[in-house]
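>>> here is my input, please return the structure:
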Amino acid sequence: PYTFRHSSGVAMYACAIGEQLGFGPAELVRTRRAALLHDIGKLGVSNAILDKPGALTADEWQVMRAHTHHSYEILEAVPVFAELADDAAAHHERLDGRGYHRGLSGAALSPSARVLAVADVTDALRSDRPYRAGLSVERVAAMLEEDAAAGKLCAQSVDAMVQVLRA
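Numbering: from 1, shown residues only. Okay, here's the model as predicted:
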């Protein structure tokens, strides 16, 4: 249930960012689909890890971080979803190359992948988690802006997200 709500939220935020950035109808549909499927790789992660109320161990983090690779493999194997695989699996990549699972950076990340990364972070921060309540719009906006200033997240996508959050 959490992953379903999260994926729906990421899709909503990603489309809102895409609209702000001038994505056309086809790109919005593609971005929405990638957002809805971005965490499909969590099927390979135990519910004991996904639902854990506290901090994950180093081994649990290694399993959790593999979900992006699993998402890529699953989507790539289904012809109708193959075109979404790269962007969907890149939702934890960062412009500075410090993300995962491939460590992509800068120009290697498509506009849709950049949007998905911001939408994913936004929904994760705004949502209630077993270990904390969802954060306020202003706190999330500040955290996104810090990550954009540090070269982690796309500044244009962050600016668009902050406009949407504050509307």
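>>> contacting residues around residue 60?
Residue 60 sits next to 49, 52 when contact means C-beta atoms under 8 Å, 6 or more residues apart in numbering. Quick note: C-beta positions are derived from backbone N, CA and C, even for glycine.
>>> can you name every helix or strand that the helix-or-strand element of the chain with minimal mean pLDDT contacts?
Across the helices and strands of the chain, mean confidence by mean pLDDT, DSSP states H and E is lowest for helix 47-50: a mean of 91. Counting contacts by 3 or more C-beta pairs under 8 Å, 6 or more residues apart in numbering; DSSP states H and E, helix 47-50 packs against helix 58-65.
>>> how far off centre is the helix it packs on?
Offset of helix 58-65 from its chain centre (C-alpha atoms, centre = their mean, to the nearest Å): 17 Å.
>>> please save the CA atoms from that helix in PDB.
Extracted C-alpha coordinates of helix 58-65, given in PDB (Å, rounded to 0.1, in the frame of the first residue of the first chain):
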ATOM      1  CA  ALA A  58      24.200  -1.600   6.100                       C
ATOM      2  CA  ASP A  59      23.100  -4.900   4.600                       C
ATOM      3  CA  GLU A  60      19.500  -3.800   4.500                       C
ATOM      4  CA  TRP A  61      20.500  -0.600   2.700                       C
ATOM      5  CA  GLN A  62      22.400  -2.700   0.100                       C
ATOM      6  CA  VAL A  63      19.300  -4.800  -0.600                       C
ATOM      7  CA  MET A  64      17.100  -1.600  -0.700                       C
ATOM      8  CA  ARG A  65      19.500   0.200  -3.100                       C
END
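>>> now do the buried residues in that helix.
Within helix 58-65, the residues scored as buried using 16 or more other C-beta atoms under 10 Å are 60, 64.
>>> elements contacting the following helix or strand past that helix?
Downstream of helix 58-65, the next assigned helix or strand under DSSP states H and E is helix 67-77. Here helix 67-77 touches helix 85-89, going by 3+ C-beta pairs under 8 Å, 6+ apart.
>>> report the distance from the helix it packs on to the chain centre.
10 Å.
>>> what comes up buried for the next helix or strand after it?
Downstream of helix 85-89, the first helix or strand assigned by DSSP H and E is helix 111-126. For helix 111-126, burial by neighbour count (16+ other C-beta under 10 Å) applies to 111-123, 125-126.
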